[in-house]
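[1] sequence unknown, structure follows:
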């Protein structure tokens with residue numbers, strides 16, 4: 001009887017394990033990541049060493065941008081399958097995304113020992129060395145992986161790092177007055193004769209090759225978002241989302257397609273942005289080059305936090321971040337469109353000026369002009385209202401009232417009529 005009871009318990013555990021494993025796999029394929037993680041975690045409680053459950057849990061964490069958690073799951077998978085190259089590659093990539101470069105290099109090198117022709121492992125190893133600014137070693141692995149675009153990028157960076165510094169030409173000191181006689185006052189120098197009027201000189205001619213070399217823009221290679229010389233460079237390694245406004249060049253093997261809004265983890269039929277402000281999904285390896293304009297660009301890193309941002313303020317973000325679109329409806333005619341970002345990764349805010357943060361507490365709600373709101377963190381509830389009681393229509397100054405506990409990011413220079421600094 002005891003043996004029969006034990007077999008029934010094992011069979012019951014097997015049924016529950018399979019239920020959570022299959023449910024987690026289905027939720028993962030639908031993009032419902034949080035419940036997928038919960039089901040897969042329960043499956044692993046029942047069978048802690050199951051390879052399939054560990055692999056699926058690693059995928060779910062990775063898609064949520066939880067790279068340390070993904071590395072932990074893939075690490076357990078490697079412990080169970082130490083000679084499986086694919087598991088090592090996934091572990092190396094998760095560590096690379098978590099900025100654990102030494103561990104990423106170690107796992108990818110082991111993967112290549114197990115499978116010397118693994119092209120993805122070679123490419124990821126190139127990225128690991130690139131992010132550590134070891135451009136020659138990165139070039140070697142990109143060349144082995146057959147990634148010509150990344151080899152060319154390494155060549156540019158190597159050339160730039162070896163270029164001699166620019167030294168300004170020194171000008172002779174102006175001649176002073178005549179030496180004074182002994183014990184006497186200085187004798188002023190005679191004023192030089194006025195030079196004859198000359199035509200404005202025409203700049204010396206340069207060859208086309210010299211012009212192209214002197215104006216060469218080297219795309220940023222380590223950071224996803226980099227600005228300099230009035231240009232914004234968005235580095236694409238996989239998928240990155242970025243606006244269409246200001247785009248002047250697409251370099252490398254990059255495909256660009258319009259992005260749709262998302263709601264509850266699923267894509268909708270509504271475009272993410274309109275016209276030149278349309279959000280684009282860039283896929284592949286290469287760079288997007290933008291005219292930065294006069295907007296203030298701020299790169300922000302999320303490390304597992306969550307935040308809500310005014311849709312117009314979000315210029316781009318890494319695909320590692322999960323996003324959803326939302327809207328705060330208003331009876332006053334101006335709705336507040338929001339983007340909810342969460343996970344681990346970087347995003348780019350575009351504002352009129354430097355952001356400031358204000359504390360919001362339960363006993364001290366904050367009202368911010370609609371145009372000046374950039375976003376917020378914490379448990380805040382937004383409401384669009386009028387600053388003046390009873391004001392409606394064109395006379396109403398619309399504000400966003402935030403109640404709860406958290407901090408709100410404000411763009412002071414975006415307020416209509418804001419005074420310019422002297």
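    Happy to help now that I have it. Computed from a prediction, not measured in an experiment: that's the story for all the values here. Numbers count the residues shown, from 1 in each chain.
[2] from here on, contacts and neighbour counts on C-alpha atoms
    Noted.
[3] now residue 96: which helix or strand?
    helix 85-97 (DSSP states H and E).
[4] output the contacting helices and strands for that helix.
    helix 67-80, helix 101-114, helix 119-130 (3 or more C-alpha pairs under 8 Å, 6 or more residues apart in numbering; DSSP states H and E).
[5] those helices: which one's closest to residue 320?
    helix 67-80 (9.1 Å; C-alpha to C-alpha).
[6] any idea of the mean pLDDT for the closest one?
    Mean pLDDT, computed over helix 67-80, is 92.
[7] so which other helices or strands are in contact with that helix?
    Taking 3+ C-alpha pairs under 8 Å, 6+ apart as the contact definition, the neighbouring helices and strands of helix 67-80 are helix 51-63, helix 85-97.
[8] follow-up on the earlier one: turn the helices and strands packed on helix 85-97 into TSV, including distance to residue 334 and mean neighbour count.
    What follows is the helices and strands packed on helix 85-97, written out as TSV (distance: least, C-alpha to C-alpha, whole Å; neighbours: other C-alpha atoms under 10 Å):
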stretch	distance to residue 334	mean neighbour count
helix 67-80	38	22
helix 101-114	47	20
helix 119-130	45	24
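[9] just after the helix or strand of the chain with the lowest mean pLDDT, pick out the following helix or strand.
    Lowest mean confidence among the helices and strands of the chain (mean pLDDT, DSSP states H and E): helix 208-214, at a mean of 58. Tracing the chain past helix 208-214, the next element assigned as helix or strand by DSSP H and E is strand 225-228.
[10] paired strands for that following strand, with orientation please.
    The partner list of strand 225-228 in its sheet, established with DSSP bridges, is strand 231-243 (antiparallel).
[11] other residues contacting the strand it pairs with?
    For strand 231-243, contacts defined as C-alpha atoms under 8 Å, 6 or more residues apart in numbering pick out 219-227, 254, 259, 276-293, 315-319.
[12] got the buried residues for it?
    Buried residues in strand 231-243, defined by neighbour count with 16 or more other C-alpha atoms under 10 Å: 231, 232, 233, 234, 235, 236, 237, 239, 240, 241, 242, 243.
[13] out of the residues you listed, who's nearest residue 348?
    Residue 348 lies nearest to residue 242 out of those, by C-alpha to C-alpha, at 8.8 Å.
[14] so how far is residue 327 from that closest one?
    Noted for residue 242: a distance of 20 Å to residue 327, by C-alpha to C-alpha, to the nearest Å.
[15] if we can go back for a sec, dump the helices and strands packed on helix 67-80 to a markdown table, plus mean neighbour count, mean pLDDT and distance to residue 16.
    Formatted as a markdown table, those follow (neighbours: other C-alpha atoms under 10 Å; pLDDT from 0 to 100; distance: least, C-alpha to C-alpha, whole Å):
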| stretch | mean neighbour count | mean pLDDT | distance to residue 16 |
| --- | --- | --- | --- |
| helix 51-63 | 24 | 92 | 13 |
| helix 85-97 | 26 | 92 | 26 |
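[16] for residue 247, which of the ones you listed is the nearest?
    In terms of C-alpha to C-alpha, the element of the helices and strands packed on helix 67-80 nearest to residue 247 is helix 85-97, at 26.6 Å.
[17] ok and that closest one relative to helix 67-80, angle-wise?
    Angular relation of helix 85-97 and helix 67-80 on a 0 to 180 degree scale: 160 degrees, by axes from the mean of the first three to the mean of the last three C-alpha atoms, to 10 degrees.
[18] for helix 85-97, give me every contacting residue.
    Taking C-alpha under 8 Å, 6+ apart as the criterion, the residues outside helix 85-97 that touch it are 62, 67-68, 70-71, 74-75, 77-78, 81-82, 101, 103-108, 110-112, 114-115, 120-121, 124, 128.
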